[in-house]
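In: quick one: sequence and predicted model below, then my questions.
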Amino acid sequence: MSRLNLVAQEAPALVDERRPRAKIRSVDEVAAISRRLRDDGKTVVHCHGTFDLLHLGHVRHLQAASKLGDCLIVTVTADNFVNKGPGRPVFGGEDRAEMLASLTFVDWVAINDTADAVKAISRIRPDLYVKGKDYQDAGDDVTGKIVLERQAVEAHGGRIHFTDEVTFSSTQLINQHFNLFEPHIREQLDSLRENGGVGSLVSLIDSVRDYRVLLIGDAIIDQYDYVLPMGKTQKENVIATRYQSSEVFAGGVFAAANHIASFCKQVDVITCLGSGDGYADLVHSSLLPNVGLTAFHRTGANTTVKRRFVDPTRVGKLFETYVIDDEPLPGDLQDKVDTTISQRAGDYDLVVVTDFGHGLIASSSVEILTRGGPRFLAVNAQTNTANYGYNLITKYPRADYMCIDAPEARLATGDRFSSVPEVAARLADQRVDCPRLVITHGRNGCVTYERGGAIHTIGAGDAFFVVTAPLAAAGGSMHQLGFIGNVVGALKVEIVGHRAAVDKPSLVKSIMGLLQ
């Protein structure tokens, strides 16, 4: 039976060689088709990828795969799981699926709405799962997903096969021939490519894998209440909303710990929780396995809760309320916190301070941290609605690495109007003893400053700081830190609340997408 007849047998009313879109189905639908074909003794072949720019390498790979069986099913990575940098994918999932469906030797196409192909493989249960020869060495796959994919296909008796066709890189072709970035961004990317490129950045990231990190910071619980705006009430000047659902996350120092945990061997946290408010279980269950917790408890106080009311249609925050006690800790409790910091700070490769200004870190804590205990001290002191003007980075007389945002830098220097690079130089040279400073600048990227060196403005939060801190301790250049930090920031923007942490595979994949 011909390939077209096999396809038509599954959906005779829809399949037409001249109608590629008729071959595009859901993953569940192609899984059902696969099951029927296997029951009839047919061999099902499955390929998976992004296929952002269909090229000769893809065509030959898919054509070779089609010759291995009776039916070729191709799944395409959904847009929100394409970690290849800003502006990617160039073509949306539906367009990419239609391009593939236009190939006569591709029988069915589905858009896979998960981060990898494992679930699709488990549903489709192909006899053969086919990848290109560049995946043959699992050690070259920075995401580690090829191993999981092999396990998924072998779990139901299938096997993985590698084609030996000519390979091209969609990402490299897009970077070379599509103007996705402004000229100054392209110049910076070219500079990074010329100075070691992907290899040097990945080596820097890998160099901290055995680091032990001590993280000190405020405990925050982030609650997201999703509500639909209904408009102004009829009898009062009040905007009414309709409640939909809620999510509660362990934020603050806990979210920071999870971000860094993917990159370093061990992360330990020192913080303080409220007593009897029930959040301890949430915190413990939220932390990744290599994150240890030392949590003091403050009698008669609650853990800080920041409750955001969010419009789910655009994930935009409408307003928020704080449940907070940001008074200084009682003297005896502060002594316990300080003693623990003093005893443990020197045992780690670096100490990272995420100071939200909510009462944990007193002047006595700052003195212990800055008088030379840690081997490497990285500090972020945040300004927010609760502490505006009172929690400046200048409370830390010295650090090896600091990272704050532009408004915080302006507050610390009392300078509203100078350029951000000028503010960076003034802050690092006159207000604090810090040889390496980053000022994040929203959509404008960041400004990096190194004493005695150049100031760089790099275009491309909390995640930025905690991921780059160990890289700074490892000796990464400011240019590298700024670039990596901006990629981290872009990845974090795509995560609602703290549903997930920025991880090493996603970061490396995004860097490769930008620099290939």
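Out: Great, that's in hand.
In: in whatever helix or strand Ile160 lives in, what counts as buried?
Out: Per DSSP states H and E: Ile160 is located in strand 159-162. Going by neighbour count (16 or more other Cβ atoms under 10 Å), the buried part of strand 159-162 is 160-161. Quick note: C-beta positions are derived from backbone N, CA and C, even for glycine.
In: so how far is that strand from its chain's centroid?
Out: When C-alpha coordinates are averaged (Cα atoms, centre = their mean, to the nearest Å), strand 159-162 and its chain have centres 30 Å apart.
In: mind listing what that strand pairs with, with the direction of each?
Out: Strand 159-162 has the following sheet partners, assigned by DSSP bridges: strand 128-131 (parallel).
In: so after the strand it pairs with, what's the next helix or strand?
Out: Next element after strand 128-131 (DSSP H and E): helix 145-154.
In: by contact count, what packs against that next one?
Out: Applying 3 or more Cβ pairs under 8 Å, 6 or more residues apart in numbering; DSSP states H and E, one finds that helix 145-154 contacts helix 118-124, strand 128-131, strand 159-162.
In: my read: Asn384 touches Phe356, true?
Out: Yes. Between Asn384 and Phe356 there is a contact at 6.7 Å, judged by Cβ atoms under 8 Å.
In: joint contacts of these two?
Out: Taking Cβ atoms under 8 Å, 6 or more residues apart in numbering as the contact rule, Asn384 and Phe356 both touch Asn391.
In: give me the more crowded residue out of those two.
Out: For Asn384 and Phe356, the more surrounded residue by other Cβ atoms under 10 Å is Phe356, and the numbers stand at 27 against 13.
In: that one reaches Phe254, doesn't it?
Out: No. With contact defined as Cβ under 8 Å, Phe356 does not count as touching Phe254 (11.8 Å).
In: got the CA positions of stretch 369-378 in PDB?
Out: Provided in PDB are the C-alpha atoms of stretch 369-378 (Å, rounded to 0.1, in the frame of the first residue of the first chain):
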ATOM      1  CA  LEU A 369      30.000  39.800  56.000                       C
ATOM      2  CA  THR A 370      32.200  42.700  55.000                       C
ATOM      3  CA  ARG A 371      35.100  42.400  57.400                       C
ATOM      4  CA  GLY A 372      36.600  39.500  55.300                       C
ATOM      5  CA  GLY A 373      34.900  36.300  56.400                       C
ATOM      6  CA  PRO A 374      33.700  35.100  53.000                       C
ATOM      7  CA  ARG A 375      36.200  34.100  50.300                       C
ATOM      8  CA  PHE A 376      34.000  36.000  47.800                       C
ATOM      9  CA  LEU A 377      31.000  38.200  48.700                       C
ATOM     10  CA  ALA A 378      28.300  39.000  46.200                       C
END
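In: mind listing what's buried along it?
Out: Residues of stretch 369-378 classed as buried by neighbour count (16+ other Cβ under 10 Å): 369-370, 373-374, 376-378.
In: one step back: shared neighbours of Phe356 and Phe254, anything?
Out: Overlap of the contact sets of Phe356 and Phe254 (by Cβ under 8 Å, 6+ apart) consists of Ile220.
In: one step back: by pLDDT, give me the weakest of the buried residues of stretch 369-378.
Out: Here the lowest pLDDT out of these sits on Gly373, with 80.
In: contact partners for the closest residue to that residue other than its chain neighbours?
Out: In this structure, Gly373 finds its nearest non-sequential neighbour in Ala345, 4.1 Å apart by Cβ to Cβ, 6 or more residues apart in numbering. Residues in contact with Ala345 (Cβ under 8 Å, 6+ apart) are 214, 351, 368-369, 373-374.
In: mind listing which of those residues are in strands?
Out: Under the assignment DSSP state E, these contribute 214, 351 to strands.
In: how about a markdown table for the contacts of Ala345, with distance to Gly57 added?
Out: Output for these, formatted as a markdown table (distance: Cβ to Cβ, whole Å):
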| residue | distance to Gly57 |
| --- | --- |
| Leu214 | 47 |
| Val351 | 47 |
| Ile368 | 57 |
| Leu369 | 53 |
| Gly373 | 54 |
| Pro374 | 49 |
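In: out of the contacts of Ala345, which two sit at the greatest distance?
Out: Leu214 and Ile368 (12.2 Å; Cβ to Cβ).
In: and those two? Which one has more around it.
Out: Each of Leu214 and Ile368 has its neighbours counted (other Cβ under 10 Å); Leu214 has more, 23 against 18.
In: having no further points to raise, I will conclude here.
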